[in-house]
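Visitor: how does the following fold in three dimensions:
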Amino acid sequence: MNIELKDLSETRKNLVVSLDQSEVEGEYQAVVGEFARQARLPGFRPGKAPAAMILKKYAKEITDEFKSKIVNKAYRGGLEQAKLDIISIINVEQGTIEPNLSSAITFTLDVRPAITLPDYAGLPTEVQSVEPTEAEVDTVITGLRTERADFKVAARAAQKGDYVKLAYEGRVDGKPILELAPDKQIYGKVPQTWEEVEGQEGVIPGLGAQLTGVTAGDKKDVTVTFPAEFSPVAALAGKSAVYAVEIQEVRERVLPELDAEFFKTQQVDSLEALRTKIREDLKLRKGYENRSAQRRQVSDALAARANFTVPESLVEGETQNMLRQFIGENLRRGVPQESFEKDKKQLYEGAHQAATARVKVQMLLAKIAEQEKITVTEKDIDDYIYREAARSRQSPEKLIKSFTKDRDQLRAVQQSIIFDKALDFIVSKATVRTVQSKPEKTP
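Guide: The predicted model follows:
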């Protein structure tokens with residue numbers, strides 16, 4: 001057996017394995033002999049049928065098994081001699097594989113690059129103070145009151161935060177929207193609906209922002225411009241529409257009093273107890289956000305320090321995973337399939353760039369885990385199973401059975417746990433600078 005290694009790139013190789021005639025013939029005779037021992041032909045005891053009859057009856061099966069044996073022998077022997085750290089087999093060119101002839105099989109392989117670990121101890125990270133400010137506590141209390149607000153009819157002009165009951169009919173260039181999009185009545189003509197004034201945007205973009213100062217009985221024309229990429233109704237994308245609006249009612253938001261009844265809904269008995277509870281919740285949330293931020297920061301730092309080429313097969317696999325996840329999430333939000341087709345090239349390029357960085361970080365994390373002797377324990381697997389069972393609403397027993405049947409799935413979980421533990425290890429060694437918290441937005 002001879003081998004020849006050709007570099008296609010830093011991480012992709014052609015491994016050409018040549019087997020001489022005697023090696024090929026030896027494998028062929030071994031396959032024929034195995035069939036002869038196991039074959040059952042009428043009139044002959046097992047293993048006693050003539051070779052010619054065996055070859056005639058099982059010609060295809062013998063040929064297939066023989067070729068498979070040759071390819072496997074070439075692969076195993078080639079790797080043993082070349083001493084490559086294989087990530088994936090990209091292609092196999094069998095060439096001519098026949099008895100009494102030499103054979104050359106070419107394997108296109110992606111290999112693990114040589115990785116020199118950068119200094120990963122003391123990476124700089126920034127976190128925010130976990131101590132809540134009084135303003136942040138006040139913002140949360142206002143949000144809790146807003147959730148339980150009542151809306152009462154207001155005999156005045158509409159103000160920010162009010163809700164307006166109205167009817168509208170829209171036109172584009174004088175043509176009713178109902179004619180442009182007859183199956184999308186909510187964008188064309190509605191006899192009654194509610195819109196928040198200068199608040200969360202409703203169905204018609206920009207409509208609520210133009211309702212300040214209206215009163216019940218008012219009629220006015222409102223001009224809105226739909227975004228250039230308006231997926232709910234392609235016919236309206238980038239168009240300006242004029243909506244004839246009739247105001248039917250104005251209601252103001254009335255927040256509940258901070259009294260015993262309100263405190264009871266929050267499972268506390270006083271304002272101070274409520275503020276204490278909110279401080280504790282905010283502190284926990286800020287701690288979690290800080291940890292997530294540190295993980296992102298050290299991941300970015302590792303990616304910037306990764307000075308090696310990553311195997312394209314890993315990048316392509318990760319690219320496709322990211323695209324499937326992105327498209328799936330947007331389809332569930334109602335974005336039509338056509339919009340992805342239109343931006344296919346940009347989506348792929350963006351996903352490919354992100355996937356390259358992610359694969360680099362994962363390869364570094366695997367190397368760091370090896371360096372630091374970070375392993376997956378039985379408890380790690382148990383914790384994952386119970387978390388995943390709670391998230392997916394499956395029984396832990398069902399997940400365990402799934403892992404037992406699918407070893408590749410189990411290996412993927414183990415790899416994910418290794419990445420997480422290595423990332424947490426690096427975070428634990430990072431330097432930390434505390435910066436001032438960003439102010440909470442008031443609802």
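Visitor: those strands in the chain, which residues are they?
Guide: In the chain, the strands defined using DSSP state E lie at 2-7, 12-19, 86-93, 103-111, 124-128, 150-153, 163-172, 175-176, 189-196, 219-225, 240-254, 431-435.
Visitor: R76: which of those strands is closest?
Guide: Taking CB to CB, strand 12-19 is the member of the strands of the chain nearest to R76, at 9.5 Å. All C-beta atoms are positioned from the backbone trio N, CA, C, and that covers glycine.
Visitor: what are the buried residues along the closest one?
Guide: Using 16 or more other CB atoms under 10 Å as the burial criterion, the residues of strand 12-19 that qualify are R12, K13, N14, L15, V16, V17, S18, L19.
Visitor: including distance to V71, could those go into JSON lines?
Guide: Listed next are the buried residues of strand 12-19 as JSON lines, based on distance: CB to CB, whole Å:
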{"residue": "R12", "distance to V71": "20"}
{"residue": "K13", "distance to V71": "17"}
{"residue": "N14", "distance to V71": "15"}
{"residue": "L15", "distance to V71": "12"}
{"residue": "V16", "distance to V71": "13"}
{"residue": "V17", "distance to V71": "9"}
{"residue": "S18", "distance to V71": "13"}
{"residue": "L19", "distance to V71": "10"}
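Visitor: of all those, which comes closest to D221?
Guide: R12 (63.4 Å).
Visitor: surely the closest one is in contact with V310?
Guide: No: R12 lies out of contact with V310 (CB atoms under 8 Å); the separation is 11.1 Å.
Visitor: in JSON lines: the strands of the chain, plus mean pLDDT and distance to K60.
Guide: Output for the strands of the chain, formatted as JSON lines (pLDDT from 0 to 100; distance: least, CB to CB, whole Å):
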{"stretch": "strand 2-7", "mean pLDDT": "92", "distance to K60": "30"}
{"stretch": "strand 12-19", "mean pLDDT": "94", "distance to K60": "22"}
{"stretch": "strand 86-93", "mean pLDDT": "93", "distance to K60": "20"}
{"stretch": "strand 103-111", "mean pLDDT": "94", "distance to K60": "19"}
{"stretch": "strand 124-128", "mean pLDDT": "95", "distance to K60": "63"}
{"stretch": "strand 150-153", "mean pLDDT": "95", "distance to K60": "78"}
{"stretch": "strand 163-172", "mean pLDDT": "96", "distance to K60": "67"}
{"stretch": "strand 175-176", "mean pLDDT": "94", "distance to K60": "69"}
{"stretch": "strand 189-196", "mean pLDDT": "95", "distance to K60": "70"}
{"stretch": "strand 219-225", "mean pLDDT": "96", "distance to K60": "68"}
{"stretch": "strand 240-254", "mean pLDDT": "96", "distance to K60": "69"}
{"stretch": "strand 431-435", "mean pLDDT": "93", "distance to K60": "67"}
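Visitor: tell me which of those sits nearest to I141.
Guide: The nearest among the strands of the chain, by CB to CB, is strand 240-254 at 15.2 Å.
Visitor: so which elements touch that closest one?
Guide: Applying 3 or more CB pairs under 8 Å, 6 or more residues apart in numbering; DSSP states H and E, we find strand 240-254 packed against strand 150-153, strand 163-172, strand 219-225.
Visitor: distance check, D218 against R253.
Guide: 20 Å (CB to CB, to the nearest Å).
Visitor: pull out the buried positions in the helix or strand of the chain with the lowest mean pLDDT.
Guide: Taking mean pLDDT, DSSP states H and E as the measure, the chain has helix 337-342 as its least confident helix or strand, at a mean of 75. If you call a residue buried by 16+ other CB under 10 Å, then helix 337-342 has these buried ones: S339.
Visitor: A30 and E338, how far apart?
Guide: 57 Å.
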